[in-house]
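Asker: below is the sequence, then the predicted model.
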Amino acid sequence: MITLGVETSCDETAVALVRDGREVLASVVASQIERHQPFGGVVPEIAAREHVTAIVPALEEALAASGVDASEVGLVAVTDRPGLQAALLAGVAAAHAVGLALDVPVMGVNHVEAHLVAPFLAEARDPEWPLVSLVVSGGHTHLFHSESDTSHLLLGATLDDAAGEAFDKVAKVLGLGYPGGPAIERAAATGDDAAIPFKRPYLNPQSLDFSFSGLKTAVLYRCLGQDANGRPGTELLPGLEVEDVAASFQRTVVDVLDRKLQRAVDRTGVSRVAVGGGVACNGPLRERLAGTAAARGWELKLAPREFCTDNAAMIAARGAQLWRVQGGEVSPPAVQARASWKRV
């Protein structure tokens, strides 16, 4: 069966075609980075309007690239949670229109759970359970004990800023531009990651939750100082080495993500680990996790970079997966800005 995937949860308009939930036939992503760069972050209203403009060209491009005729599509899968509500509505409306035109069912897909499938797309195979799964992106930092296609138990999550959000905000403070992740990584390449001993927010020895808000604030005051009233300044302090700040911040985030994954593996006894989400593109993070996996005997599955950031291939794969396990029953899209999971 060929599944058409649609992803519009934030600022990427994506369409993909996937065969049998495993083989990616085409994956098209229309980026909105240039539209949001002047604001240093995503503007929801702009994102929603851009989705409306970009979705049909993306669909046409995906069909042309795959060589698939629209009549061959047997299922439409669309992100319906979590995300920016207006952006989600744009994608769900488009998916319903396509489903109606082709007379095929439309399946709602949880964006975060789709990231758990992404590490397996490069090998064109289904996920193997159980897994310890980390989804780390601009909006999400979640650790799961994934027991099956439909059982993802939440081990820990961000209590404030997600890791990717912290990257964006620190990059803005340093004047490095948007998106922050790639900008921080480029600057850090020539910096000293031991120059500034930022405190690692591990919380407590048992916690699997994350908190990056305090780290972001520490960077803010380190870079801008404070005025007589204790408020941060408005300009970078003289003599500040931006590259050292970027490298030290990046290393701190990598240390925390690595440590929390180790704790999760130790707690669950599951040594098969999957990592996805936009921050999983980060080179130093990938290198660190690969080293930890080799040292501790993990089976590590890192999502390919093209499937780390928001994409519709993972949405189509997850939709097909749900279609199979539910015996052909669909879960109609129900737009929700937030999503929840059973917590361990």
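Answerer: Nice, I can see it. Numbers count the residues shown, from 1 in each chain.
Asker: from here on, just use CA atoms for contacts and neighbour counts.
Answerer: Noted.
Asker: now the strands: where do they sit in the stretch 151-300 of the chain?
Answerer: Here the stretch 151-300 of the chain has its strands, by DSSP state E, counting those that start in this stretch, at 151-157, 272-276, 299-302.
Asker: closest to Ala30 out of those strands?
Answerer: Between Ala30 and those, the tightest spacing by C-alpha to C-alpha is seen for strand 272-276, at 19.8 Å.
Asker: burial measure for Asp149, as a count.
Answerer: 19 (other C-alpha atoms under 10 Å).
Asker: my read: it touches Ala320, true?
Answerer: No. Because the distance of 11.0 Å does not satisfy C-alpha atoms under 8 Å, Asp149 is recorded as not touching Ala320.
Asker: domain ranges for the chain, per the record?
Answerer: Under the assignment automatic domain parsing, the domains of the chain span 2-124+307-325, 131-304.
Asker: could you dump the strands of the stretch 151-300 of the chain into CSV and include distance to Glu243 and mean neighbour count?
Answerer: Output for those, formatted as CSV (distance: least, C-alpha to C-alpha, whole Å; neighbours: other C-alpha atoms under 10 Å):
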stretch, distance to Glu243, mean neighbour count
strand 151-157, 29, 20
strand 272-276, 26, 25
strand 299-302, 27, 20
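Asker: which among the ones you listed is found nearest to Val112?
Answerer: strand 272-276 (9.2 Å).
Asker: which residues touch the closest one?
Answerer: The list of residues contacting strand 272-276 from outside it, by C-alpha atoms under 8 Å, 6 or more residues apart in numbering, reads 115-116, 118-119, 130-136, 298-303, 307-308.
Asker: find the residue at the geometric middle of this protein.
Answerer: Among the residues of the chain, the smallest C-alpha distance to the mean C-alpha position (C-alpha atoms, centre = their mean) belongs to Gly277, namely 2.8 Å.
Asker: any idea how far that residue is from Ala303?
Answerer: When C-alpha to C-alpha, to the nearest Å is applied, the distance between Gly277 and Ala303 equals 8 Å.
Asker: what part of this structure, helix or strand, is modelled with the least confidence?
Answerer: Considering only helices and strands, the least confidently modelled element of the chain by mean pLDDT, DSSP states H and E is helix 33-36, at a mean of 92.
Asker: and that helix, how far out from the chain middle?
Answerer: In terms of C-alpha atoms, centre = their mean, to the nearest Å, the centre of helix 33-36 is found 18 Å from the chain centre.
Asker: show me the contact partners of it.
Answerer: Looking at what lies outside helix 33-36 - C-alpha under 8 Å, 6+ apart - the contacts are 11, 42-43, 46, 178-179.
Asker: what mean pLDDT does the helix or strand just after it have?
Answerer: If you walk from helix 33-36 toward the C-terminus, the next helix or strand you reach (DSSP states H and E) is helix 44-66. Rounded to a whole number, the mean pLDDT of helix 44-66 is 97.
Asker: list the buried residues for helix 44-66?
Answerer: Within helix 44-66, the residues that qualify as buried by neighbour count (16 or more other C-alpha atoms under 10 Å) are 44, 47-48, 50-52, 54-55, 58-59, 61-63.
Asker: what packs against that helix?
Answerer: With contacts defined as 3 or more C-alpha pairs under 8 Å, 6 or more residues apart in numbering; DSSP states H and E, the secondary structure elements packing on helix 44-66 are strand 12-19, strand 23-31, helix 85-102.
Asker: following it, which helix or strand shows up next?
Answerer: With elements assigned by DSSP H and E, the helix or strand that comes after helix 44-66 is strand 73-81.
Asker: output the contacting helices and strands for that next one.
Answerer: In terms of contacts (3+ C-alpha pairs under 8 Å, 6+ apart), strand 73-81 is packed against strand 2-7, helix 85-102, strand 106-110, helix 111-115, helix 313-325.
Asker: in CSV, list those along with mean neighbour count, distance to Leu289 and mean pLDDT.
Answerer: Putting these into CSV (neighbours: other C-alpha atoms under 10 Å; distance: least, C-alpha to C-alpha, whole Å; pLDDT from 0 to 100) gives the following:
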stretch, mean neighbour count, distance to Leu289, mean pLDDT
strand 2-7, 30, 28, 98
helix 85-102, 20, 32, 97
strand 106-110, 26, 26, 97
helix 111-115, 25, 17, 96
helix 313-325, 27, 22, 96
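Asker: need the ones you listed in JSON lines (columns: distance to Gln206).
Answerer: What follows is these, written out as JSON lines (distance: least, C-alpha to C-alpha, whole Å):
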{"stretch": "strand 2-7", "distance to Gln206": "35"}
{"stretch": "helix 85-102", "distance to Gln206": "34"}
{"stretch": "strand 106-110", "distance to Gln206": "28"}
{"stretch": "helix 111-115", "distance to Gln206": "24"}
{"stretch": "helix 313-325", "distance to Gln206": "32"}
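Asker: between the ones you listed, which one is nearest to Glu123?
Answerer: When these are compared by C-alpha to C-alpha, helix 313-325 sits nearest Glu123, at 12.6 Å.
Asker: and the closest one, how far out from the chain middle?
Answerer: Helix 313-325 has its average C-alpha position 17 Å from the chain's average C-alpha position, going by C-alpha atoms, centre = their mean.
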